[in-house]
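**Student:** can't give you the sequence, but here's the structure:
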């Protein structure tokens, strides 16, 4: 034994101290820190979502409008990417090299270990080529997606489109993950929950390369995907397409409703666009093109454009006056042009003739009786009372409020109340003479086209309407829809509606009627023209109608901006639409009219109007 | 002494059994670490666990052969072995196969050999032979120089591969010299340098200086038992520092606080040193020498850290010391390793139930990070068992080493224990973030033929020497 043998214990002591440090650290790691367990779970568990196919959309006759087509996303996991032939991948995908480089950098910034989409929606042709060569590009994968496809180039506005969900919604709604698709407008948006179905979720265990190693807990927690529900719309695709053709190169809207059910037969907003522009990789490019177009093709005028209704408003005006016993059907007023301008026409000796000739002074008087009730000696107070009573009855027609369609973005229009005028002119500083133009559908009153069509449907039904809607059946069941869209009674005697229908028949049928161009052989069409004064430019051409008179099948509103007289443009469009819907063919004698309308280009008037509006 | 010559009776069977247990547990954990549903069969020769079995069988053959060699063989051939391995280390730099940026392997067909593993064995033999030789004297400068050469040549050759981890192993042999009578002060300075290195990286200049000044006064107070004096000195330095900071506040000449403290401590340090020199107070002079030395050393740390270490080594150290955190990049291995071990809990997830290692989240899970499988599947209990086995083995080897009669055998025993200790300590420490990631295997446990064989050679040579301990040579 040498004199340094004690040092063995120093060395042994160092070993023991190290071991103690290890044990202490392991104690902290393994026993004091439960979060490592969660980290480990997070590492291996993958929630894989199975996207169900989105519901199909049919027209009222069972014609397919919207369906799905497979598309493929190229996905990359940066960590696994080895050096590869960038030129080859670029030429397959038809992208620039810079695009690929930027995409890879973005993916790397997101995560080196998680997949991110490099190029979305590559075509099936590109996919077929890529699939064969994918083994040469480690780290690249292809993920299946489904895209919307359109059988007809029509109905873009009510169909809407789907796009990637916003980051904000992802935060609010846990159903969606970044990159998921969601309905952005139209039916796609309103019926998103029905159309999307339910995502299936499977939990898998994966390794560090994100490769699946097996189901987690033998799939006990997994759920199956449920396909989206198919929707049958009430739209007649043929009619919709025809309406869009007639409205070509015009600004405005055509809305047709089946009066007995409230089903919308067509919802034309012009100018429109091809719905297939809003799919796939070109969506964002096309969207920005459409959104900057000065004609605003993305704007659904049928629901969103608020117009002065013009003369068609006289019908509702008359009905209210009749029902409140302020006038009778036989009441006559002279056509006194000093009250309000008018055109030359025979004397309006009863309301029927007044409607037929669309006499402005007549309805000036009618509206005067509605507003000046005589309840208060003070004419200001009296007008206030009268206006609010009028407004409450007008609300029954669905004006000044959202009708409650099954489409997003509907506008209310506006029915002015005493509050509005008090704000504009001051309390007790306005009376009938201030607001008389409301009587002929001008001034502060605003109506959206679908409300006008709804007025036509109300008269067709002789006193009630059913909330208009575009979807008839969800997965071939209509009970949900019929429960949701209810009947609304106007609370005006039915006989007054009958009178009005007669007068509207005369508007179309009589020799002096303003709506002669809406005539259809063998079918009694009832209509009312309007020429809405437009302080900014040419007047708007308006027409509402329904047909046949008895047991009506279609009620319609046509609104053509800056087109002038109601009888000149809106009425013939309505006539052709009725021919198309009720007879399915346009008779040869009307072909010339059809051609004239289809070829007419009124866009310059709209453009001029906006040009001067901006200048002012 | 017929009894003494019966080797099989004198074998230290306890060590052999611990060895066997460790090797078999290692094999089992390699199986679990790279387990694959498609290859459940533990004897599947296409998998690492199948191959490891071959290495184990070969290791047993090596062990048996070593036991049958005359113990004089090791002393006679120590330098020859050493020479051969040095040649191999040189050859591998030229002929070696580059794997992960390092030329550490000979590849002959499917067979791979890592000479640096065997170099440890040969070097320990050579060191033992040299220290055991007649001419060796720790007090002679030429002896120290020669010993340093013996250690430095393989270390430098391995550094050239480059494989810093395997090169560092030779440093641990300083413990052997300590056992043979080297002054403990050298160990103390080694420890101090390591501590200063870490502190210099972690602390700001001001904090580091404050710590150093405080340590000096604590040392002074302890050594001379004069607490009031220490406080007075501290007060003087603080006063001058504050004064300098006041000057700075008025004049704005760019005196940062640490410069103020440095100035005042150098001023008073010099002053105290002169007094101590006059009164011949050795403690104080020593403390001040160490203090100045430390200041010089720490000022070079930043430079040497950035210039002598590779980027990945810097990153690993930064990650370890918490200077930077990048769990997806430089810290990925350690982060995943901690998750694996931490998620094991008290009893572990159970055999083959680990997900971190099996699904490749932990890299090198069958070699350098094999301890993760133990921690994940066997939990705290399993880790405790493995650590205990190693410590038991190490303490037993130290005891066995001290019972040797010849210096050669004793030094060889200590060398063996130190090499095993270094691997054990560094390997486990890096998996639980107590040391930077240094790629060295866990002895007997990690997958790999070269390392298993070299550790077997190392250990069984000592068992052979020990079985012969009564023999004189």
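**Tutor:** Nice, thanks for sending it over. Everything numeric in this text was worked out from a predicted model, so none of it was measured. Numbering: from 1, shown residues only, chains lettered A, B, ... in the order given.
**Student:** how about the helices of the stretch 151-300 of chain A, start to end?
**Tutor:** Secondary structure of the stretch 151-300 of chain A (DSSP state H, counting those that start in this stretch): helices at A:156-159, A:167-172, A:186-190, A:192-196, A:237-246, A:283-292.
**Student:** Those helices: lowest mean pLDDT?
**Tutor:** Sorting the helices of the stretch 151-300 of chain A by mean pLDDT places helix A:167-172 lowest, at a mean of 82.
**Student:** Stretch B:176-194: which residues count as buried?
**Tutor:** B:176, B:177, B:178, B:179, B:180, B:182, B:187, B:192 (16 or more other CB atoms under 10 Å in any protein chain shown). Using the backbone N, CA and C atoms, a C-beta is placed for each residue, glycine as well.
**Student:** what angle separates the longest strand along chain A from helix A:237-246?
**Tutor:** Counting residues, the longest strand found in chain A (DSSP state E) is strand A:64-76. Going by axes from the mean of the first three to the mean of the last three CA atoms, to 10 degrees, strand A:64-76 is angled at 80 degrees with respect to helix A:237-246.
**Student:** before we move on, back to that, for the buried residues of stretch B:176-194, name the two members farthest from one another.
**Tutor:** Of all pairs drawn from these, the one with the longest distance (CB to CB) is B:180 and B:192, at 22.0 Å.
**Student:** gap between stretch B:13-31 and the chain center?
**Tutor:** Relative to the centre of its chain, stretch B:13-31 is centred 22 Å away, using CA atoms, centre = their mean, to the nearest Å.
**Student:** so does it get close to chain A?
**Tutor:** No: judged by CB under 8 Å from any CB of the partner chain, stretch B:13-31 makes no contact with chain A; its nearest approach is 14.4 Å.
**Student:** residues in contact with that stretch?
**Tutor:** Contact with stretch B:13-31 is made by B:42, B:48-49, B:52-53, B:56, B:59, B:351, B:366, B:370, B:373-374, B:377, B:386, B:389-390, B:392-393, B:396-397, B:400, B:442-447, B:452, B:456, B:459, B:463, as judged by CB atoms under 8 Å, 6 or more residues apart in numbering or on different chains.
**Student:** hmm, which of those are the buried ones?
**Tutor:** Neighbour-count burial (16+ other CB under 10 Å) is assigned, among the contacts of stretch B:13-31, to B:48-49, B:52-53, B:56, B:59, B:366, B:370, B:373-374, B:377, B:386, B:389-390, B:393, B:397, B:400, B:442-447, B:452, B:456, B:459, B:463.
**Student:** ok, and which of these reach chain A?
**Tutor:** Residues of the buried ones among the contacts of stretch B:13-31 in contact with chain A (CB under 8 Å from any CB): residue B:390.
**Student:** about what we covered before: let's see which of the contacts of stretch B:13-31 end up in strands.
**Tutor:** Per DSSP E, these never map to strands.
**Student:** Return the subset of the buried ones among the contacts of stretch B:13-31 lying in helices.
**Tutor:** Within these, residues falling in helices by DSSP state H are B:48-49, B:52-53, B:56, B:59, B:370, B:373-374, B:377, B:386, B:389-390, B:393, B:397, B:400, B:452, B:456, B:459, B:463.
**Student:** What parts of the stretch 51-200 of chain B come near chain A?
**Tutor:** Checking the stretch 51-200 of chain B against chain A by CB under 8 Å from any CB, the hits are B:175, B:178, B:179, B:180, B:181, B:184.
**Student:** What values do phi and psi take at the fifth one?
**Tutor:** When quoted as degrees, to the nearest 10, the phi and psi of residue B:181 stand at phi 120, psi 0.
**Student:** Can you tell me which residue of the stretch 151-300 of chain A sits closest to chain B?
**Tutor:** residue A:207 (3.5 Å; CB to the nearest CB).
**Student:** Wait, that residue touches residue A:214, no?
**Tutor:** No: Residue A:207 is beyond contact range of residue A:214, at 10.3 Å (criterion: CB atoms under 8 Å).
**Student:** list the contacts for residue A:374?
**Tutor:** Residue A:374 neighbours (CB under 8 Å, 6+ apart): residue A:382.
**Student:** Against residue A:303, how distant is it?
**Tutor:** 39 Å (CB to CB, to the nearest Å).
**Student:** And for residue A:30?
**Tutor:** 63 Å.
**Student:** Likewise for residue B:283?
**Tutor:** Taking CB to CB as the measure, residue B:283 falls 95 Å from residue A:303.
**Student:** what's the domain layout of chain A?
**Tutor:** A:47-232, A:237-615 (automatic domain parsing).
**Student:** and among those domains, the most buried is which?
**Tutor:** Highest mean neighbour count among the domains of chain A (mean count of other CB atoms under 10 Å in any protein chain shown): domain A:237-615, with a mean of 20.
**Student:** quick one: secondary structure of residue B:105?
**Tutor:** Under DSSP: H, G, I helix; E, B strand; the rest coil, residue B:105 falls in the strand class.
**Student:** hang on, it packs against residue B:97?
**Tutor:** Yes: when contacts are counted by CB under 8 Å, residue B:105 is listed as touching residue B:97 (4.7 Å).
**Student:** looking at this, residue B:237 is in a strand?
**Tutor:** No: the assignment for residue B:237 by three-state DSSP gives helix, which leaves it out of any strand.
**Student:** thought it was touching residue B:212?
**Tutor:** No: look at residue B:237 against residue B:212 with CB under 8 Å: they stay out of range, at 11.5 Å.
**Student:** Residues in a beta bridge with residue A:543, which ones?
**Tutor:** Bridge pairing for residue A:543 (DSSP bridges) gives the partners residue A:529, residue A:558.
**Student:** In contact with it: list those residues for me.
**Tutor:** Counting by CB under 8 Å, 6+ apart, residue A:543 touches A:312, A:515, A:518, A:527-530, A:556-558, A:566-567, A:570-571, A:573-574.
**Student:** what do you get for residue A:188?
**Tutor:** Per CB under 8 Å, 6+ apart, neighbours of residue A:188: A:148, A:159, A:160, A:161, A:162, A:195.
**Student:** cool, and residue A:182?
**Tutor:** Contacts for residue A:182 (CB under 8 Å, 6+ apart) come out as A:162, A:163, A:164, A:165, A:169, A:176, A:189, A:192, A:196.
**Student:** ok, of those residues, which one's closest to residue A:269?
**Tutor:** residue A:189 (15.9 Å).
**Student:** My read is that that closest one contacts residue A:408, right?
**Tutor:** Yes: applying CB under 8 Å, one finds residue A:189 in contact with residue A:408, separated by 5.1 Å.
**Student:** next SSE after the helix or strand encompassing residue B:299?
**Tutor:** Using DSSP states H and E, residue B:299 maps to helix B:282-308. If you walk from helix B:282-308 toward the C-terminus, the next helix or strand you reach (DSSP H and E) is helix B:311-320.
**Student:** Now do the very next helix or strand once past that following helix against helix B:311-320, angle only.
**Tutor:** Using DSSP H and E, the helix or strand that follows helix B:311-320 in sequence is helix B:332-342. Helix B:332-342 runs at 40 degrees relative to helix B:311-320, counting by the same axes, to 10 degrees.
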